[in-house]
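Trainee: fold the following, please.
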Amino acid sequence: MSDYENATASQARFYALRLKPGQDVVEELRKFVDANKLKAVSIVSVVGSLTRALLRFANTGVWSEVTGHFEIVSLVGTIDVKGEHLHISLSDRTSKTIGAHFGVGSAVYTTAEITLAEFPDLDFRRELCPQSGWEELIVDKRQIR
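Mentor: Numbers count the residues shown, from 1 in each chain. Below you'll find the model as predicted:
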């Protein structure tokens, strides 16, 4: 059995949006995905800054809020109809960089310029993985009705 048994090729549609000061990145991504009825989304790129972020660091179940002035160095992840799995890297004015899971509770400082890819012929969902113990990504070909 191949390690890539569920790898699936797909065409993509791209979206670009800009968030403004004070907006919550995860909330706005969720609103955009829901409003456009998107079912399989990947973040292509994010450029911007935050004054607040909610982070869950590796191998903990604890969410922590960080505040200050941060550049978004990287924001990656997948979004499905029920949720999202996002990781962010942030850097402060001294170039200290932190990275973690990213959740609802952020505030854009100046901007967040976001590009997304939607895979219209795929469905993303999550199921509990017996190997990892976490809900992990399942990729399905979308059923044509």
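Trainee: tally of neighbours for the closest residue to Leu86 other than its chain neighbours?
Mentor: Among residues not flanking Leu86 along the chain, Gly77 sits closest, at 3.6 Å (CB to CB, 6 or more residues apart in numbering). Bear in mind the C-beta positions are built from the backbone N, C-alpha and C, glycine included. As a burial measure, Gly77 scores 17 neighbours (other CB atoms under 10 Å).
Trainee: could you do the one 3 residues further on as well?
Mentor: Residues contacting Asp80 under the criterion other CB under 10 Å number 20.
Trainee: same question, Ala16
Mentor: The number of residues near Ala16, taken as other CB under 10 Å, comes to 10.
Trainee: isn't it up against Ile114?
Mentor: Yes - contact criterion CB atoms under 8 Å: Ala16 and Ile114 qualify, at 7.0 Å.
Trainee: list the contacts of Val139.
Mentor: Residues in contact with Val139 (CB atoms under 8 Å, 6 or more residues apart in numbering) are 6-8, 40, 122-124.
Trainee: just put those in JSON lines and tack on neighbour count and distance to His85.
Mentor: Converted to JSON lines, these look like this (neighbours: other CB atoms under 10 Å; distance: CB to CB, whole Å):
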{"residue": "Asn6", "neighbour count": "11", "distance to His85": "16"}
{"residue": "Ala7", "neighbour count": "8", "distance to His85": "17"}
{"residue": "Thr8", "neighbour count": "12", "distance to His85": "17"}
{"residue": "Ala40", "neighbour count": "25", "distance to His85": "12"}
{"residue": "Leu122", "neighbour count": "19", "distance to His85": "15"}
{"residue": "Asp123", "neighbour count": "15", "distance to His85": "15"}
{"residue": "Phe124", "neighbour count": "22", "distance to His85": "9"}
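Trainee: now, the residues you listed that are in helices?
Mentor: Among these, none falls in helices (DSSP state H).
Trainee: what's the most distant pair in the residues you listed?
Mentor: Largest separation among the contacts of Val139 by CB to CB: Ala7 and Asp123, giving 14.8 Å.
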